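1. structure here, sequence nowhere to be found:
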């Protein structure tokens, strides 16, 4: 695996976690 692929995966997971948090607690945003 290349570093770029790992970085892209981490960013994707981060965005997914952020969107999940927004959906679970919309009053915070």
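-> Yes, it's here. Being a predicted model, the structure only gives us computed values, none of them experimental. Numbers count the residues shown, from 1 in each chain.
2. so residue 15 is in which element?
-> In this assignment (DSSP states H and E), residue 15 forms part of helix 3-24.
3. check which residues of that helix are buried.
-> The neighbour-count criterion (16 or more other CB atoms under 10 Å) identifies no buried residues in helix 3-24. The C-beta positions use only the backbone N, C-alpha and C, and glycine is treated the same way.
4. could I get the average pLDDT for that helix?
-> Helix 3-24 shows a mean pLDDT of 96.
5. ok, residue 25 to residue 15 distance?
-> 16 Å (CB to CB, to the nearest Å).
6. from the chain's centre, how far out does stretch 14-29 sit?
-> Distance of stretch 14-29 from the chain centroid (CA atoms, centre = their mean, to the nearest Å) equals 9 Å.
7. and what of stretch 11-28?
-> Mean-position distance between stretch 11-28 and its chain equals 7 Å (CA atoms, centre = their mean).
8. contact partners for residue 2?
-> Listed by CB atoms under 8 Å, 6 or more residues apart in numbering, residue 2 has no contact partners.
9. measure it to residue 16 for me?
-> Separation of residue 2 from residue 16 (CB to CB) stands at 21 Å.
10. next: residue 10.
-> From residue 10 over to residue 16 the distance is 11 Å, taken as CB to CB.
11. just residue 5 next, same as before
-> Between residue 5 and residue 16 the distance is 17 Å, computed by CB to CB.
12. with residue 23 instead?
-> For residue 23, the distance to residue 16 equals 11 Å [CB to CB].
13. before we move on, what about residue 25?
-> Distance, residue 25 to residue 16, using CB to CB: 15 Å.
14. and residue 3, by the same measure?
-> Between residue 3 and residue 16 the computed distance is 20 Å (CB to CB).
15. can you check residue 8 too?
-> From residue 8 to residue 16 the distance is 13 Å (CB to CB).
16. what of residue 6?
-> Counting by CB to CB, the gap from residue 6 to residue 16 is 16 Å.
17. on that earlier part again, just checking, what packs against the helix holding residue 15?
-> Counting contacts by 3 or more CB pairs under 8 Å, 6 or more residues apart in numbering; DSSP states H and E, helix 3-24 packs against no other helix or strand.
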